[in-house]
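S.K.: Predicted model and sequence follow; I will ask about them next.
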Amino acid sequence: GMQLGDREFSWRPEVMVGYKQVFGGPDSVTAQFAGGPSFALSPASQDGGAIARIGIHGGNQYSDFAFEAGGEERGDYRSFDGRVVARFQF
């Protein structure tokens, strides 16, 4: 990232890319929800994958604004998210 602007208002673009590795032991865990059938969770079946996030943060000494978005892809699993943040000091 970097910071642009002056004392009245500054803003920062941000970019993050990476790889998320999911790991665990060789054993599986058996679980069950109340009243439901049991199922097994195996760490070996989890894959790692790419992650990426972008954002813009801006503000001054009394306020802060942010717009962020990102995503993750691991094999058949895809996840996307976003958020908007506004903070004010009185």
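M.R.: Great, that's in hand.

S.K.: Residues in a beta bridge with Ile56, which ones?
M.R.: Per DSSP bridges, residues listed as beta-bridge partners of Ile56: Pro13, Phe67.

S.K.: Now do the same contact list for Gly49.
M.R.: Gly49 is in contact with Tyr19, Lys20, Glu72, Glu73, Arg74, Gly75, Tyr77, counting by C-beta atoms under 8 Å, 6 or more residues apart in numbering. C-beta coordinates here come from the backbone N, C-alpha and C atoms, glycine included.

S.K.: Show me what it is bridged to.
M.R.: Partner residues in beta bridges with Gly49: Lys20, with DSSP bridges as the criterion.

S.K.: which residues sit against stretch 6-18?
M.R.: 1-5, 50-60, 68, 70.

S.K.: contacts for stretch 63-78?
M.R.: If you take C-beta under 8 Å, 6+ apart as the criterion, stretch 63-78 is touched by 14, 16, 20, 22, 46-59, 79-89.
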